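**Student:** fold the following for me, if possible:
(chains A, B and C)
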Amino acid sequence: MTGHDHDHSRTFQPDHAEPHSDGARVGLALRELLIEAGHYTPEEEQAVIAAMQHASPQDGGRIAARAWSDPDYKARLLANGAAAIRELGYEIEPYEFTVMENDASTHNVIVCTLCSCYPRSLLGMSPAWYKSASYRARVVREPRAVLAEFGVELGDDVNVRVHDSTAELRYMVLPQRPDNTEGWSEEKLADLVTRDALIGTQRILPTD
Amino acid sequence: MTTALFEVGQRVRIADRTPPAHHRVPGYAKGQVGFIERVCGLHGDPEKFIRGDGKPPRRIYRVRIPQAELWQAYSGATGDQLEIEIFEHWLELAE
Amino acid sequence: MSKPWGPHDLGGQDGGPIDLAEHDTAYWEWQIDAMVRLALKKGLISDFAELRDGIEQLTAEDYANCTYYERWAKSLAHTLVSRGIVSAEQLAAQVDAVRLRQEAEAR
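**Tutor:** Numbers count the residues shown, from 1 in each chain, chains lettered A, B, ... in the order given. You can find the predicted model right below:
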C-alpha cells in the first residue's frame, strides 16, 4: 500500500457545511458588522482566503524531495527550516520553522495540545483529526497507540519523539526516504509524500 | 535581555504555577524536569498580549523530557521523548 | 504535573479512538478564518494570544460542543464586544438577521 492509497481509503465528508449553528451565526453576523463598519472589505477577505487556499501539502512534498536529493539542502533545512524553505520560493509566516527528520531509529510526530497550531502557511488547512480532542489529548501520553490507529506500527528499536507545538515554532517532519527509490526524479519523489507523513502520523512505505 | 539564560544540555525545571489567565504551558508539563534541546529566538510574551503589546519579548527554549518520567506507567520504549517549547520565565536550573 | 486549567488544556487526558475522516472546509469557515486574520492585520486584536484567551474562557461544555471555527467566532465576538468595537445589542440583532435570512432561504 502506498501513502496515497492510505489517504484515499478514508471517507470524505463536509464539515458543517450549513452554517446554522449558534457559533457560526455569531461569526457570520460579526463578519457583516465589521465589513459594514469598514474594518475590511469583501475583496480583502477574498484575497486572504485565496492566499490560504494556495498552500498545500504538495509544497511540503517538494521540500522533502529536494532534501532527499540534495544532502547540502537537507543540512540547511534541518539547521534553519524557515530560511531553507524560503530558499525554494515559499512564502511562510514569520514563525521559526523547525524540520524534524524521521529515520530508521527515530520517529517524530507533531501535535499542539493547547489549540491546534499547524504550519498553515506552508501545508494549508490542518486535517480535522489534528484539531480533534482525542488526538490532542492522547498523542503526548500514548503516541504508539495513536500511531497504530494511523497504521504506523513501530518496534522498540525506534524511538518516538512527540513535539508539542506550544509557542511560536512551527514544525514539519522530513519523512524517511523510502527504499527502492534510487535515481528517482525530485518530481516523482515529491508525489510519494503525503500530508500525514509531514505531520508524522504516517511512514512512507517502500514502493515495489 | 538578548542573552540566553540557559544553554543546550542544561537540566531545567518547568515552573509549576497556574496564572489565572492565558499562558502557553500545558498542565502535564508543569513541574517537569528536562534538558534544553535548543535555544530559540525572542518572541512576544503571550501573557502580555491580552490588552497589551507582548513586551518584553521572551526567549523560547525547546525542552526535551523522557516520556517515562512524564507519565506514570508509560508503555513505550525507554528512549521515547517529548519536546516542548517553553518561554524563559517559566524555566529554572534543576539539580 | 498540574491539573488542566481550562477546557483547552487537553494533553495527557483520556480520549476515544481518533476519527480519521477527512472534512472539507466550508466557505463560512474560511470566512471566519479570514476575519480573524484581518482583525489581526487591522489591529482590532493584538495577537493570536487574544484569540486563544477568548477560546480558553469558553465553558467546558461550550468548548466541547463547538467546532473549531465556532470557537474562533465566539472568541473574536467576545473580545470585540468587550472592546466596544461592536456592541452586544448590535451583534444580537445581526445574529437574528442572519437567522431570519437563512430561514427565508430554506423555505
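**Student:** and for residue C:45, the neighbour number?
**Tutor:** As a burial measure, residue C:45 scores 24 neighbours (other CB atoms under 10 Å in any protein chain shown). (C-beta placed from N, C-alpha, C; glycine too.)
**Student:** pretty sure it is touching residue C:38, no?
**Tutor:** No: assessed by CB atoms under 8 Å, residue C:45 is found out of contact with residue C:38, at 10.2 Å.
**Student:** shouldn't residue A:126 be within a helix?
**Tutor:** No: per DSSP: H, G, I helix; E, B strand; the rest coil, residue A:126 lies outside any helix segment and is coil.
**Student:** and it, what does it touch?
**Tutor:** The neighbourhood of residue A:126, defined by CB atoms under 8 Å, 6 or more residues apart in numbering or on different chains, consists of A:116, A:118, A:120.
**Student:** how far away is it from residue C:13?
**Tutor:** Residue A:126 sits 20 Å away from residue C:13, going by CB to CB, to the nearest Å.
**Student:** what's the answer for residue C:104, then?
**Tutor:** Applying CB to CB to residue C:104 and residue C:13 gives a distance of 43 Å.
**Student:** re earlier: which among the contacts of residue A:126 count as buried?
**Tutor:** If you count burial by 16 or more other CB atoms under 10 Å in any protein chain shown, the buried members of those come out as A:116, A:118, A:120.
**Student:** longest single helix anywhere in the chain?
**Tutor:** Answering for chain A, as no chain was given. Counting residues, the longest helix found in chain A (DSSP state H) is helix A:22-36.
**Student:** oops, I was thinking of chain C
**Tutor:** In chain C, assigned by DSSP H, the helix with the most residues is helix C:88-106.
**Student:** buried residues in that one?
**Tutor:** So helix C:88-106, judged by 16+ other CB under 10 Å, has buried residues C:90-91, C:94-95, C:98.
**Student:** make CSV out of these and add pLDDT and distance to chain A.
**Tutor:** Below are those laid out as CSV (pLDDT from 0 to 100; distance: CB to the nearest CB, whole Å):
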residue, pLDDT, distance to chain A
C:90, 98, 6
C:91, 98, 6
C:94, 98, 4
C:95, 98, 4
C:98, 96, 5
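**Student:** and which of the residues you listed is nearest chain B?
**Tutor:** For the buried residues of helix C:88-106, the residue nearest chain B by CB to the nearest CB is residue C:91; the value is 19.8 Å.
**Student:** pretty sure the closest one contacts residue C:81?
**Tutor:** Yes: taking CB under 8 Å as the definition, residue C:91 is a contact partner of residue C:81 at 6.2 Å.
**Student:** before we move on, the earlier item: just the buried ones among the contacts of residue A:126 that are near chain C?
**Tutor:** residue A:116 (CB under 8 Å from any CB of the partner chain).
**Student:** can you list which of the buried ones among the contacts of residue A:126 are found in helices?
**Tutor:** Residues of the buried ones among the contacts of residue A:126 located in helices (DSSP H): residue A:120.
**Student:** show me where chain A has its helices.
**Tutor:** Going by DSSP H, chain A shows helices at A:3-8, A:22-36, A:42-54, A:57-69, A:71-79, A:81-87, A:120-123, A:128-131, A:133-138, A:143-149, A:186-190, A:195-199.
**Student:** what does chain A put close to chain B?
**Tutor:** Residues of chain A lying near chain B (CB under 8 Å from any CB): A:96, A:98, A:113-114, A:140-145, A:156-169.
**Student:** 6 Å - rerun?
**Tutor:** Taking CB under 6 Å from any CB of the partner chain, the part of chain A that reaches chain B is made up of A:96, A:113-114, A:141, A:144, A:156, A:159-164, A:166-169.
**Student:** in contact with residue 78, which residues?
**Tutor:** No chain was given, so I picked chain A. A:99, A:101 (CB atoms under 6 Å, 6 or more residues apart in numbering or on different chains).
**Student:** not what I meant, chain C
**Tutor:** Contacts of residue C:78 by CB under 6 Å, 6+ apart are residue C:54.
**Student:** residue ranges in chain C under the pLDDT threshold?
**Tutor:** For chain C, the stretches flagged by pLDDT under 70 are C:1.
**Student:** much appreciated, bye for now.
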